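S.K.: I would like to see how this sequence folds:
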Amino acid sequence: MIRTICLLITTLMTWGVMADHFTYNIQMSGYKFEQYDEKGTTDYSNFLKEFRAFPWSTQVGKSNGGSESTISVKNLSNQTDLWVSVMGESSDYHFLVGIVYKKEVTGFLGLGKTKTIRWLEIYVAETDYIVESTFSMFFKGDHTQLMSELIKLPKYDEMEAKN
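M.R.: So this is what the prediction gives:
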């Protein structure tokens with residue numbers, strides 16, 4: 001009996017530590033690249049509500065040298081970010097989905113010490129459904145499935161993340 005209670009307490013404590021926690025922010029078109037509105041903690045249900053209500057068609061193409069509209073979600077447990085932005089015109093636009101994750105790289109010509117950087121990969125998502133399904137995988141913590149689905153999309157760009 002005591003063994004069962006200890007096992008239950010340990011399981012609950014481990015679950016609490018291992019649970020992923022997410023925060024999000026929003027950039028409106030024209031914001032400076034380092035400017036965004038912090039929104040606090042979130043989950044998939046709240047993300048869907050924000051994503052579906054966001055005025056993508058009226059914001060697209062209005063960056064004026066700043067950023068395009070973007071909703072970014074950070075997994076605080078593993079420091080991975082997934083964001084959705086928009087490109088095109090109000091009558092014809094597509095989404096960009098970007099993932100920022102830790103990546104091991106070596107120095108020039110593969111020589112030197114290995115270091116960890118934050119790497120950004122950006123993909124073109126042509127439908128709302130694709131955006132919603134990639135974020136579903138992200139919130140579920142299924143990084144392997146998420147990456148396998150993202151690489152099926154047209155790659156827009158990749159680079160070392162600036163933040």
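S.K.: Identify the residues contacting Phe135.
M.R.: 44, 47-48, 51, 73, 82, 84 (C-beta atoms under 8 Å, 6 or more residues apart in numbering). Bear in mind the C-beta positions are built from the backbone N, C-alpha and C, glycine included.
S.K.: Doesn't it lie inside a helix?
M.R.: Yes: checked against DSSP: H, G, I helix; E, B strand; the rest coil, Phe135 lies within a helix.
S.K.: so how far is Val97 from it?
M.R.: 8 Å (C-beta to C-beta, to the nearest Å).
S.K.: and for the two, which residues touch both?
M.R.: 82, 84.
S.K.: that older thread, make a PyMOL selection of the buried ones in the contacts of Phe135.
M.R.: Buried residues within these, by 16 or more other C-beta atoms under 10 Å, are selected in PyMOL with:
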select buried, resi 44+47+48+51+73+82+84
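S.K.: Neighbours of Thr58, how many?
M.R.: Close neighbours of Thr58, defined as other C-beta atoms under 10 Å, add up to 11.
S.K.: What residues does the closest residue to it other than its chain neighbours make contact with?
M.R.: Distances taken as C-beta to C-beta, 6 or more residues apart in numbering put Ser90 closest to Thr58, at 6.5 Å, once the chain neighbours are dropped. Neighbouring residues of Ser90 by C-beta under 8 Å, 6+ apart: 57-58, 60-61.
S.K.: Could you do Lys155 as well?
M.R.: Lys155 sits next to 121-124 when contact means C-beta under 8 Å, 6+ apart.
S.K.: let's go with 6 Å and repeat that
M.R.: Tyr123 (C-beta atoms under 6 Å, 6 or more residues apart in numbering).
S.K.: and what of Met159?
M.R.: Applying C-beta under 6 Å, 6+ apart, the residues contacting Met159 are Leu120.
S.K.: That one pairs with what?
M.R.: In this entry, Met159 is beta-bridged to Leu120, by DSSP bridges.
S.K.: Sounds good, over and out.
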